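Undergrad: let's see this in three dimensions:
(2 chains)
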Protein chains: 2
Amino acid sequence: MKKIIKNLKFVMEPASIAIVGASATTNKIGNVLVRNFVDGKFKGKLYPINPKYKEILGLKCYPALSAVPGKVECVVIATPAKTVPSIMKECVKKKVGGVIIITSGFEEIGRHDLAKEIRQLAEKNDIPIIGPNCLGIFNPSSKMDTIFLPMYKLGRPGAGNIAFVTQSGAVGSTVTDLAAHYGVGMSKFVSYGNATVIDESDVLEYLTEDEETEIIVLYIEGVADGRRFYETIKKANKKKPVLVLKGGKGKGGQAAAMSHTGNIAGSYLAYQAAFKQAKVTEAEGLHELFEFVKIFNQPKPKGNRVAIVTNGGGVGILTTDGVEKETNLLLAEFSEATKKKISSFMPAYGNIGNPLDLVADSGVDAYSKALDILMNAPEVDILVIVTLLQTPPMDERIIHVLTKASADRRKPIATISIGGAYTEAYRKILESNGVPNYGSPLGAIKAISKLVTYADYYKHLKKTSE
Amino acid sequence: MKKIIKNLKFVMEPASIAIVGASATTNKIGNVLVRNFVDGKFKGKLYPINPKYKEILGLKCYPALSAVPGKVECVVIATPAKTVPSIMKECVKKKVGGVIIITSGFEEIGRHDLAKEIRQLAEKNDIPIIGPNCLGIFNPSSKMDTIFLPMYKLGRPGAGNIAFVTQSGAVGSTVTDLAAHYGVGMSKFVSYGNATVIDESDVLEYLTEDEETEIIVLYIEGVADGRRFYETIKKANKKKPVLVLKGGKGKGGQAAAMSHTGNIAGSYLAYQAAFKQAKVTEAEGLHELFEFVKIFNQPKPKGNRVAIVTNGGGVGILTTDGVEKETNLLLAEFSEATKKKISSFMPAYGNIGNPLDLVADSGVDAYSKALDILMNAPEVDILVIVTLLQTPPMDERIIHVLTKASADRRKPIATISIGGAYTEAYRKILESNGVPNYGSPLGAIKAISKLVTYADYYKHLKKTSE
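TA: The predicted structure follows:
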């Protein structure tokens, strides 16, 4: 029985870090690691370790861990697999608080002997290990960053409230890059690889209590202790929403997962049932996962009645089709009072209905008025706002109008804008202002449907706990 | 019974155009229209018409259509609805070859009287009308462009082989903008709005015979003559693939469609059955439609066996999950000969399987070798190549390797790259080189599944016609 090592503080937010396998050769992993701490302006102390160098990137380089003066809270290991057990022994001697093993070549290629050796050292000495075969940790507030991908190739998100936990480094890095691109903030990024010592449940427990984290996003392939995982994810999801993507669903995917992180992916049906039972939000794919993340930052809706506003008839219709497809959503029916208010500013040839088609001639003022009315309409719980930015009367003030509606926080909003370079620029500004923006009507609506489901569950929880 | 007007040449590729309602006021539709012809370098003659001006954007402006010297092949009308019948009468007098009515305010707001008047004039005098209530025509090779959205807001694609036909201007413009952004070429763009005279079937018939068009993409809401539509779309799809998206599926969407282009959206089940029967490819949403378009430019696969190559384990697994989810696809089983060839360049810790995980340490050379082997492997029909561009060893030469694989045209390929600004730049270059690139594994695989279905149908057609 594995001993549970709970104290993840020293891997999540260490005040001092040693990088074993630091390199002076550009684009080697051991070099990118040091560079990212330097360029990222890590707030703690940094010690490159390598007997070959006196200095790396302007920092004094130490021949061994034992040569570092004073305490080392976290050690990052990026040397070949066969050297890792002896480095772990040095970590024990140095009484470090935690270890992150980037190196691959353990369980995933059948080297269970090496894995066992480091696990025993960790458990005996109560040292948490993240990895091996992982990207490790990124903590935007402390600038802890062991993602060994160059910053010019992979953006780093700013500080925010979303924690991302991933068994796969590749999946983790792409989502992180997307988050950075669209200005979506993160609290912690944890790529845990083979889960030799610290596994997904340990990380989930930490994040459930982490005050910086309000949404937990999880990518898993295989979980060793299914029962504990179920209990942990269920408990976490009661406190804050957990979004999950499972990789390795079929036979071929499961075989690939085995040679990826050495974990048994297991029956997908069992996972699916567990997610359903625990009421966590499951995404079908990577794109969808990111679409869900964006909307969960909005306030929880009080009901399921959706109002759609558009300046493009066809896109409004496709959005309506989306609402009618999701069985837990309703198209709001506007009251006579609401219709009367809207008619005061609508052109004669416009139709007042839901979707509310402001038509292509309408500019920012029409949106401002419509959103104001719908934000106050008691028959509307959720606002979906299609803004096609290509029309001549639309101008940049729409950013202010949509940001204001999002900041209002009485009702969740989602915006939809589809197009090329011009639209893409606007989309990024909106996202970085905290306004969820979607490039597809169905994507937006499915995300909303998931938010409504979670809001219902949360409301029910509150009621039964009162 | 409506008379079928077949000659669409004068609206699709006119040598001379008059714009009635041309304006000198920036950002008015009548101004944007003229500007787009000027900036787009229209190859024919251009006559702005408006009694208020002597000149618009450096062009001589005429007081009326009758004042234009010589022949006018196409008239674009952008004046208020109530003026349109009398302008149509002028068109009859001038013996124009075709008319595009941009103006809205006809069937969609109940003005069937106005619609009837222009329809009778068109039918009596054999003048095709596109619209009203539409964006009209964009023809990248002749630079015919009545899309009244400014070029700086909405990109125009270059010449290519994809025709896009849309009942909704908004849907049409967003797809056009996306195509321009990713360098996907178009043959014709037709936004036909209310379909008062020329409808989707007329346009489909034209495009079926159009030599520049190899793929037809269609967005419809409601079709007046369902039987003819079914026969036309079926016939078109036998010659070249037709991809279709239906808007207005539920009650709310149908009501919205009625007030959008004045057409009855009709039972979605009937449409769905017709699409299935005609073997046309139906997309569920707008995003998916664009994902499908990209892969249909690839050669038709000879079978359904997919090989996956990746440098990110997790993304490879998610791609495998996608293949296993689509019932008409198979994961290729690599032969011993293929495995042997691959093992010659794989690192010792890499596993040779499908997905073929080249691991994050691999660079462009490993991809080049792997693709060469798989392009020649008889057990592989389709290649899906995950290239995460963020890894340190990956460099820009990957563009050459992927472009070469796509240009080979023995087997269809799809590439998958997910990430932020750096990745997005690469994705755009790949797309403009004709390499389909996807930001989502499931999106890529679903598109491939549709291509396989169409290729099967096409193969069957050829066999039965021999």
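Undergrad: switch to C-alpha atoms for all contacts and neighbour counts from now on
TA: Will do.
Undergrad: would you put the C-alpha positions of the one helix or strand residue A:30 maps to in PDB?
TA: Element membership of residue A:30, judged by DSSP states H and E, is helix A:29-39. Extracted in PDB, the C-alpha atoms of helix A:29-39 (Å, rounded to 0.1, in the frame of the first residue of the first chain):
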ATOM      1  CA  ILE A  29      15.800  20.600 -22.400                       C
ATOM      2  CA  GLY A  30      18.100  21.400 -19.600                       C
ATOM      3  CA  ASN A  31      18.800  24.800 -21.100                       C
ATOM      4  CA  VAL A  32      15.200  25.600 -21.900                       C
ATOM      5  CA  LEU A  33      14.300  24.800 -18.300                       C
ATOM      6  CA  VAL A  34      16.800  27.300 -16.900                       C
ATOM      7  CA  ARG A  35      16.000  29.900 -19.500                       C
ATOM      8  CA  ASN A  36      12.300  29.800 -18.700                       C
ATOM      9  CA  PHE A  37      12.900  30.400 -15.000                       C
ATOM     10  CA  VAL A  38      15.200  33.300 -15.900                       C
ATOM     11  CA  ASP A  39      13.000  34.900 -18.600                       C
END
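Undergrad: got the buried residues for it?
TA: By neighbour count on 16 or more other C-alpha atoms under 10 Å in any protein chain shown, the buried set for helix A:29-39 is A:29, A:30, A:31, A:32, A:33, A:34, A:35, A:36, A:37, A:38.
Undergrad: now that helix, how far from the chain's geometric center?
TA: 23 Å (C-alpha atoms, centre = their mean, to the nearest Å).
Undergrad: state the mean pLDDT of it.
TA: Mean per-residue pLDDT for helix A:29-39: 94.
Undergrad: secondary structure class for residue A:319?
TA: helix (DSSP: H, G, I helix; E, B strand; the rest coil).
Undergrad: right, and it touches residue A:441 too?
TA: Yes - under the criterion of C-alpha atoms under 8 Å, residue A:319 makes contact with residue A:441 at 4.9 Å.
Undergrad: so which of those two has more stuff around it?
TA: residue A:319 (31 against 27; other C-alpha atoms under 10 Å in any protein chain shown).
Undergrad: chain B next: which of the buried residues of helix A:29-39 are close?
TA: residue A:29 (C-alpha under 8 Å from any C-alpha of the partner chain).
Undergrad: and which of the buried residues of helix A:29-39 is nearest residue A:400?
TA: residue A:36 (34.9 Å; C-alpha to C-alpha).
Undergrad: now do the contacts for that closest one.
TA: Counting by C-alpha atoms under 8 Å, 6 or more residues apart in numbering or on different chains, residue A:36 makes contact with A:145, A:146, A:148, A:150, A:151.
Undergrad: spatially, what comes nearest to the fourth one if we skip its sequence neighbours?
TA: When you say that, I think you mean residue A:150. In space, and not counting its chain neighbours, residue A:150 is closest to residue A:32: 6.1 Å by C-alpha to C-alpha, 6 or more residues apart in numbering or on different chains.
Undergrad: likewise for the first one?
TA: Here the nearest residue to residue A:145 in space, its sequence neighbours aside, is residue A:138; by C-alpha to C-alpha, 6+ apart that works out to 4.2 Å.
Undergrad: right, and that neighbour touches residue A:176 too?
TA: No - taking contacts as C-alpha under 8 Å, residue A:138 lies outside contact range of residue A:176: 9.6 Å.
Undergrad: where's the spatially closest residue to residue A:141 that is not a sequence neighbour relative to residue A:12, distance?
TA: Of all residues not flanking residue A:141 in the chain, residue A:159 sits nearest, at 5.6 Å (C-alpha to C-alpha, 6+ apart). Separation of residue A:159 from residue A:12 (C-alpha to C-alpha, to the nearest Å) stands at 14 Å.
Undergrad: tell me which of the two has more neighbours.
TA: Neighbours were counted for residue A:159 and for residue A:12 using other C-alpha under 10 Å; residue A:12 has more, 23 against 18.
Undergrad: any idea which residue sits dead centre in chain A?
TA: Chain A has residue A:164 as the residue nearest its centroid, 4.0 Å off, counting by C-alpha atoms, centre = their mean.
Undergrad: please report how far that one lies from chain B.
TA: Distance of residue A:164 to chain B, given as C-alpha to the nearest C-alpha, to the nearest Å: 15 Å.
Undergrad: that older thread, what sits in contact with each of residue A:159 and residue A:12?
TA: If you check residue A:159 and residue A:12 against C-alpha under 8 Å, 6+ apart, the residues they both contact are residue A:139.
Undergrad: what's the burial count for residue A:422?
TA: 18.
Undergrad: kindly report the same for residue A:212.
TA: So residue A:212, with other C-alpha under 10 Å, has 17 neighbours.
Undergrad: wait, isn't it in contact with residue A:185?
TA: No - checked against C-alpha under 8 Å, the pair residue A:212 and residue A:185 is beyond contact range at 11.0 Å.
Undergrad: mutual contacts of those two, please.
TA: Contacts common to residue A:212 and residue A:185, judged by C-alpha under 8 Å, 6+ apart, are A:160, A:161.
Undergrad: phi, psi of residue A:444?
TA: phi -60, psi -50 (degrees, to the nearest 10).
Undergrad: please apply the same query to the one 4 residues further on.
TA: Listed backbone geometry of residue A:448 is phi -60, psi -40, with angles given as degrees, to the nearest 10.
Undergrad: just the pLDDT at it, thanks.
TA: 98.
Undergrad: now do the contacts for it.
TA: A:292, A:295, A:414.
Undergrad: let's go with 7 Å and repeat that
TA: Residue A:448 is in contact with residue A:295, counting by C-alpha atoms under 7 Å, 6 or more residues apart in numbering or on different chains.
Undergrad: now residue A:377
TA: residue A:338.
Undergrad: how much space separates it from residue A:329?
TA: Computed as C-alpha to C-alpha, the residue A:377 to residue A:329 distance reads 17 Å.
Undergrad: what's the answer for residue A:222, then?
TA: On the measure of C-alpha to C-alpha, residue A:222 and residue A:329 end up 33 Å apart.
Undergrad: compare those two and say which one has the larger neighbour count.
TA: Higher neighbour count among residue A:222 and residue A:329: residue A:222, with 26 against 22, using other C-alpha under 10 Å.
Undergrad: just the pLDDT for the more buried one.
TA: So residue A:222 comes in at 89 (pLDDT).
Undergrad: how near is it to chain B?
TA: Distance of residue A:222 to chain B, computed by C-alpha to the nearest C-alpha: 12 Å.
Undergrad: isn't that residue up against residue A:263?
TA: Yes - here residue A:222 reaches residue A:263: they are 5.1 Å apart, a contact under C-alpha atoms under 7 Å.
Undergrad: report the buried residues of stretch A:48-55.
TA: A:48, A:49, A:50, A:55.
Undergrad: kindly export it (C-alpha atoms) in CSV.
TA: Provided in CSV are the C-alpha atoms of stretch A:48-55 (Å, rounded to 0.1, in the frame of the first residue of the first chain):
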residue,chain,number,x,y,z
PRO,A,48,21.5,25.1,-12.0
ILE,A,49,23.3,21.8,-11.3
ASN,A,50,25.9,20.3,-13.7
PRO,A,51,29.5,19.5,-13.0
LYS,A,52,30.4,20.5,-16.6
TYR,A,53,29.7,24.2,-16.2
LYS,A,54,30.7,27.0,-13.9
GLU,A,55,27.9,29.2,-15.1
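Undergrad: roughly how far is it from the heart of the chain?
TA: So, by C-alpha atoms, centre = their mean, the centroid of stretch A:48-55 is 35 Å from its chain's centroid.
Undergrad: kind regards, and thank you for your time.
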